[in-house]
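> Build the 3D model from these lines:
(2 chains)
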Amino acid sequence: MPILSLRNVSKNFGALKVTDDVTFDLDAGQALGIIGPNGAGKSTLFNLITGNIRPNAGQVFLDGVDVTQQSPMDRCRSGVGRSFQIPQPFGHLSVYENLLVAARFGAQLSAAEAEARCMEILRQTGLAASAGKPSGGLSLLSRKRLELARAMATNPRVILLDEIAGGLTEGECGELVDTIKGIHASGTAIIWIEHVLHALTRVVEKLLVLNFGRVLMIGTPAEVMASDQVREIYLGAEA
Amino acid sequence: MNWLDTLVQGLLLGGLYALFAAGLSLVFGVMRLVNLAHGDLIVLAAYLILMITTALGINPFLAALFALPVMFALGWVLQTYLLNRVLGEDILPPLLVTFGLSVVIQNVLLQGFTADSRKLAAGAIESQSLPLGPVTVGVMPLMTLVTAVLVIVVLNQVFYRTALGRAFRATSDDMVTVQLMGIQPQRVFAIATGIALVVATIAALFLGTRSNFDPSIGPARLLYAFEAVIIGGLGSLWGTLAGGLIIGVAQALGAAINPEWQILAGHIAFVAVLLVRPRGLFPRAND
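Model (predicted):
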């Protein structure tokens, strides 16, 4: 049984259809990349999965359970973690405290378990030296790492990464990809929206192409890149 | 005029104002809600303590122990079923609702207890005093100030040393993102208002044992509390204590010069601080 399923999910904002009859499955431990032009509805799709917005039609399943009407809090506790395209740390909390919030309330760990888990994640994401710093004053790379670390601290079974490599240098991007590969290797399923394709294809097994809110195709990175339709619509090349 | 005695009496009075303000500061810090019914909720708590004292024939300090969980529950219910429904981008609905709540509480108390002044009888302790060098301080005012400091210390510990406090601060920072961390902001707000009314009950105990109260005095308590919170810097608990003490000292100094100037002197101090520090003495960095 897939860990996450979307069935005919649609979302309108007024007359604008931003998600149009989207259906796909994500198996446990799988890594799926989502690509598409700006405005294709990628981040909206994440909001529909986390419950920040509700669909006008269709259903979202977690482990076969219909969670379409569940709150973001319940979905987080059911194993959906998310990082944002624009990092949104809790600016009045330290880096370590940001993780503690996620571990205590999202993963529902005891105080001792949360502290141990957060220290482990800080080391894993290269943030150990910044643990006590106010999160509002971090560099872009550190804020991106914090987004990832905080999502991990909720103990997700599916982690949603929204353009986490955007704005980073080649070197920084490589470091982040290594961290994400480590998370994937530990068995966490990943859905990753990304424009930096070389980073994405180092991790994901499948790509989903979104265009005007519709799923254009799902396939291996090689299949997707070889598609004339994708090249024309997404990459702007002549078919 | 004995300036030292005036200063000490002002600080002791400021302790009471800090207690009035602490709950208001907590609620503002967590959910950016200015609760215009805060003063009336303090008066309501004073009447609740009075009712328990009368019904059970016990000391108001003991009665307050019974009133604390009742007021916590009232805060939780108020937030869950009323205030959470009007919190949002627009600050006007919560202001209107809490203003309406203030009117309702005053009229319910008027209906239930008449406009007569009441007082909580604490016994001999009310008139006891301690000689401290050149000044003499009342035991009750001293207890009020010590309690105010303890309340601020405890609230700070909760805010900065507990998981609940981190949830308060995270929710205050970003209501949307905390939901993705397993936190329901509405529940956090309900707990915060419950705690604010616990603090209001402690304030009510000292208000009722030190002076008379009637159903109409809530708005004036709100004004002192509001001034203390603004002087201290919105959302800063230690700032709130400092704000209460500044108002208290200003009022004592004003009264020492001319008894008619007591209240005016507090308001002048408020305006003076705002002129020098428009964001208050201890504003939170990113607010």
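
> So which residues make contact with stretch B:160-178?
A:52, A:84, A:88, A:90-93, A:97-98, A:100-101, A:104-105, A:111, B:29-32, B:157-159, B:181, B:183, B:185, B:188-189, B:191-192, B:235 (CB atoms under 8 Å, 6 or more residues apart in numbering or on different chains). Every residue, glycine included, has its C-beta placed from N, CA and C.

> Can you flag which of these belong to helices?
Mapping the contacts of stretch B:160-178 onto helices (DSSP state H) picks out A:97-98, A:100-101, A:111, B:29-31, B:157-159, B:185, B:188-189, B:191-192.

> Narrow the contacts of stretch B:160-178 to those that are buried.
A:52, A:84, A:88, A:90-93, A:97-98, A:100-101, A:104-105, B:29-31, B:158-159, B:181, B:183, B:185, B:188-189, B:191-192, B:235 (16 or more other CB atoms under 10 Å in any protein chain shown).

> before we move on, the earlier item: and the ones in helices among the contacts of stretch B:160-178, which two are furthest apart?
A:111 and B:31 (24.9 Å; CB to CB).

> Now do residue 49: how many residues are near it, please.
Here I'm looking at chain A. 23 (other CB atoms under 10 Å in any protein chain shown).

> should've been chain B
Quick note: residue B:49 (other CB under 10 Å) scores 28 neighbours.

> for the one 5 residues further on, same thing?
Burial measure for residue B:54: 11 neighbouring residues, criterion other CB under 10 Å.

> Can you show me the strands along chain A?
A:4-13, A:16-26, A:31-35, A:57-62, A:65-66, A:80-83, A:158-162, A:189-193, A:206-211, A:214-219 (DSSP state E).

> what residues are up against the closest residue to chain B within chain A?
Closest residue of chain A to chain B, CB to the nearest CB: residue A:106 (3.4 Å). By CB under 8 Å, 6+ apart, the contact set of residue A:106 is A:76-77, A:81, A:153-155, B:180-183.

> Return the residues in contact with the closest residue to chain A within the stretch 101-250 of chain B.
With CB to the nearest CB, the shortest gap between the stretch 101-250 of chain B and chain A falls at residue B:182, namely 3.4 Å. Going by CB under 8 Å, 6+ apart, residue B:182 touches A:73, A:76-77, A:102, A:105-108, A:154.

> Look up the closest residue to it, ignoring the ones flanking it.
residue A:106 (3.4 Å; CB to CB, 6 or more residues apart in numbering or on different chains).

> can you tell me how far the one you found sits from residue A:45?
Using CB to CB, to the nearest Å, we find residue A:106 at a distance of 21 Å from residue A:45.

> ok, now residue B:156?
42 Å.

> With neighbour numbers in mind, choose between those two.
Taking other CB under 10 Å, residue B:156 and residue A:45 do not tie; residue A:45 has more neighbours (27 against 15).

> thinking that one is in contact with residue A:35, fair?
No. Assessed by CB atoms under 8 Å, residue A:45 is found out of contact with residue A:35, at 11.9 Å.

> so what's in contact with the two at the same time?
residue A:210.

> Buried ones in stretch A:197-212, by neighbour count?
A:197, A:199-201, A:203-204, A:206-211.

> still on that earlier bit, any idea how far the residue nearest to residue B:182 is from residue A:190?
Counting by CB to CB - residue A:106 and residue A:190 are separated by 17 Å.

> again with residue B:266
From residue B:266 to residue A:190 the distance is 59 Å (CB to CB).

> Compare these two (neighbour count), which wins?
Between residue B:266 and residue A:190, counting by other CB under 10 Å, residue B:266 is the more crowded of the two (27 against 23).

> Tell me the pLDDT of that one.
Per-residue pLDDT puts residue B:266 at 95.

> so where's the stretch 151-287 of chain B uncertain?
B:284-287 (pLDDT under 70).

> Please enumerate the helices of it.
With DSSP state H, counting those that start in this stretch, the ranges of helices along the stretch 151-287 of chain B come out as B:163-173, B:185-210, B:218-232, B:237-257, B:262-276.

> The third one vs helix B:185-210, what angle?
Okay, so that is helix B:218-232. Relative orientation of helix B:218-232 versus helix B:185-210 (axes from the mean of the first three to the mean of the last three CA atoms, to 10 degrees): 110 degrees.

> can you check the shortest one too?
Here helix B:163-173 runs at 110 degrees with respect to helix B:185-210, directions being taken by the same axes, to 10 degrees.

> Just the CA trace of helix B:163-173, in CSV.
The C-alpha coordinates for helix B:163-173 follow below in CSV (Å, rounded to 0.1, in the frame of the first residue of the first chain):
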residue,chain,number,x,y,z
ALA,B,163,8.0,23.0,26.0
LEU,B,164,4.8,25.0,26.6
GLY,B,165,6.7,28.2,26.6
ARG,B,166,8.5,27.3,23.3
ALA,B,167,5.0,26.6,21.9
PHE,B,168,3.9,30.0,23.1
ARG,B,169,6.8,31.7,21.4
ALA,B,170,6.7,29.7,18.2
THR,B,171,3.0,30.3,17.8
SER,B,172,3.5,34.0,18.4
ASP,B,173,6.2,34.0,15.7
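
> now that helix, how far from the chain's geometric center?
21 Å (CA atoms, centre = their mean, to the nearest Å).

> same check, this time on the second one
With CA atoms, centre = their mean as the basis, the distance from the averaged C-alpha position of helix B:185-210 to the chain average is 8 Å.

> is that helix anywhere near chain A?
No. Using CB under 8 Å from any CB of the partner chain, helix B:185-210 never reaches chain A; the gap is at least 8.8 Å.

> on contacts alone, who are the packing partners of that helix?
Secondary-structure packing of helix B:185-210 (3 or more CB pairs under 8 Å, 6 or more residues apart in numbering or on different chains; DSSP states H and E): helix B:3-31, helix B:38-56, helix B:60-81, helix B:139-161, helix B:163-173.

> ok, and for that helix, which residues are buried?
For helix B:185-210, the neighbour count (16+ other CB under 10 Å) marks B:185-210 as buried.

> likewise the fourth one?
With burial defined by 16+ other CB under 10 Å, the residues of helix B:237-257 counted as buried are B:237-256.

> Alongside chain A, which residues does chain B contribute?
So far as CB under 8 Å from any CB goes, chain B lies against chain A at B:163, B:166-167, B:169-170, B:172-174, B:176-184, B:284-286.

> Select only the buried ones of the residues you listed in PyMOL?
Only the buried entries of those go into this PyMOL selection, using 16+ other CB under 10 Å:
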select buried, chain B and resi 163+166+167+169+170+172+173+174+177+178+179+180+181+182+183+184+284
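
> Among the contacts of residue A:106, give me the pair with the biggest separation.
Taking CB to CB, no two of these sit farther apart than A:155 and B:183, at 14.7 Å.

> For the longest helix anywhere in chain A, buried residues please.
Longest helix of chain A, by residue count under DSSP H: helix A:170-185. Using 16+ other CB under 10 Å as the test for burial, helix A:170-185 gives A:172-173, A:175-177, A:179-180, A:183-184.

> now these as a markdown table including distance to residue B:146 and pLDDT?
A markdown table is the format used below for these (distance: CB to CB, whole Å; pLDDT from 0 to 100):
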| residue | distance to residue B:146 | pLDDT |
| --- | --- | --- |
| A:172 | 53 | 86 |
| A:173 | 57 | 89 |
| A:175 | 53 | 88 |
| A:176 | 53 | 88 |
| A:177 | 57 | 92 |
| A:179 | 51 | 91 |
| A:180 | 54 | 93 |
| A:183 | 51 | 92 |
| A:184 | 57 | 93 |
